[in-house]
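**Q** coordinates only, no sequence provided:
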């Protein structure tokens, strides 16, 4: 959508200035600069940089064609006049301008060097050299259904199947699944405690309004080699520096601004900045997806909460 917004505002003038056309769809032209912009965007998203340029170019071309077809149909159906969509487009446009500004501010920063990347690699063995994978069987129930009686069943049961049978007998709604966590995703103290449990020990993970009744079914080593980790770490360090630039710039601008709240938001510490609202977020390398980071309790094991 972001690229569509940019294209809507710029592609007509661009085509007039540059006669090089790489494709035509129902009379609409796709220019070489459009394709190059798509390639640059794909390069930023690419995980390992290993795909051949020609393959990436062909994928980018097909993506542009598909997007143009969908855009033409959306315009024919006047979707672009929807007030809610107009607000979304304005938000993405603002985000793109802010992102470009921050990139210009951070443009003179040095790229992470090999020594910095190696230092991060060695400082986080749980993400790389000693990375482990935990295969976990889970029964997902509503938090309100976790009772003292169920905890007693968890403490005494030898397998999760026994717990599932108990839930079925009492008609307690649950979903059973197999899930994988890596030590890169989990807080270090949680990963170390799960390793100490051993296989088939039962424990409970709380996830908001859900409780995950779990059994560790397999624990295996899954190290990441330095060469494979390097691009992940480099992206993380670049984004981290960008985030630091964003925080510094927001702090500077807030200090100089005349800010008046018409409807004052909830109180928060002075100078506190919501990292989730920043244009750039720095997600630690090795974390493939969001994971449970709330309280963890292991049934029958004292002291683990």
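**A** Thanks, I have the structure now. Quick caveat, the model's predicted, so the values are computed rather than measured.

**Q** what's the distance between stretch 167-174 and the middle of its chain?
**A** 34 Å (C-alpha atoms, centre = their mean, to the nearest Å).

**Q** mind listing what's buried in that stretch?
**A** 167, 172, 174 (16 or more other C-beta atoms under 10 Å). Where you see a C-beta, it was placed from the backbone N, CA and C, and this is true even at glycine.

**Q** surely the last one and residue 166 touch.
**A** No. In this structure residue 174 lies outside contact range of residue 166 using C-beta atoms under 8 Å: 10.2 Å.

**Q** rewinding a little: I'd like to know which of the buried residues of stretch 167-174 is nearest to residue 136.
**A** Set against residue 136, the nearest of the buried residues of stretch 167-174 by C-beta to C-beta is residue 174 (15.2 Å).

**Q** got the contact list for the closest one?
**A** Residues in contact with residue 174 (C-beta atoms under 8 Å, 6 or more residues apart in numbering) are 139, 140, 141, 164, 167, 213.

**Q** again, 6 Å this time
**A** 139, 141, 167 (C-beta atoms under 6 Å, 6 or more residues apart in numbering).

**Q** format those residues as JSON lines; extra columns: secondary structure.
**A** As requested, the contacts of residue 174 are exported to JSON lines (DSSP: H, G, I helix; E, B strand; the rest coil):
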{"residue": "139", "secondary structure": "strand"}
{"residue": "141", "secondary structure": "strand"}
{"residue": "167", "secondary structure": "helix"}
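
**Q** give the other helices and strands that the host helix or strand of residue 215 contacts.
**A** Per DSSP states H and E: residue 215 is located in strand 210-221. Counting contacts by 3 or more C-beta pairs under 6 Å, 6 or more residues apart in numbering; DSSP states H and E, strand 210-221 packs against strand 132-142, strand 202-207.

**Q** list the buried ones in the helix or strand following that strand?
**A** Helices and strands here follow DSSP H and E; after strand 210-221, the next one along the chain is helix 226-256. By neighbour count with 16+ other C-beta under 10 Å, helix 226-256 contains the buried residues 229-238, 240-243, 245-246, 250.

**Q** the protein: strands as residue ranges?
**A** Along the chain, the stretches classed as strands by DSSP state E are 21-25, 28-31, 132-142, 175-182, 202-207, 210-221, 296-297.

**Q** got the buried residues for the third one?
**A** Neighbour counts over strand 132-142 (16+ other C-beta under 10 Å) mark 132, 133, 134, 136, 137, 138, 139, 140, 141 as buried.

**Q** got any ranges where the stretch 151-300 of the chain has weak pLDDT?
**A** Confidence mapping of the stretch 151-300 of the chain against pLDDT under 70 gives the ranges 265-282, 286-300.

**Q** what do you get if the cut-off is 80, keeping everything else the same?
**A** Within the stretch 151-300 of the chain, the stretches with pLDDT under 80 are 198-200, 263-300.

**Q** quick one, which of the strands of the chain is nearest to residue 90?
**A** Comparing the strands of the chain under C-beta to C-beta, the one sitting nearest is strand 28-31, at 24.1 Å.

**Q** strands paired with that closest one, and their directions?
**A** Strands that pair with strand 28-31, judged by DSSP bridges, come out as strand 21-25 (antiparallel).

**Q** mean confidence score for the strand it pairs with?
**A** The average pLDDT for strand 21-25 rounds to 88.

**Q** the closest residue to residue 80 other than its chain neighbours and residue 82: what is the separation?
**A** Of all residues not flanking residue 80 in the chain, residue 74 sits nearest, at 6.6 Å (C-beta to C-beta, 6 or more residues apart in numbering). To residue 82, residue 74 is 10 Å away according to C-beta to C-beta, to the nearest Å.

**Q** state the number of residues packed around residue 188.
**A** Neighbours of residue 188 under the rule other C-beta atoms under 10 Å: 12.

**Q** contact partners for it?
**A** residue 126.

**Q** any idea how far it is from residue 31?
**A** Counting by C-beta to C-beta, the gap from residue 188 to residue 31 is 50 Å.

**Q** for burial, what's the neighbour tally of residue 159?
**A** The number of residues packed near residue 159 is 13, by other C-beta under 10 Å.

**Q** contacts only, for it.
**A** Per C-beta under 6 Å, 6+ apart, neighbours of residue 159: none.

**Q** can you tell me how far it is from residue 201?
**A** 10 Å.

**Q** cool, and residue 285?
**A** Distance from residue 285 to residue 201, by C-beta to C-beta: 29 Å.
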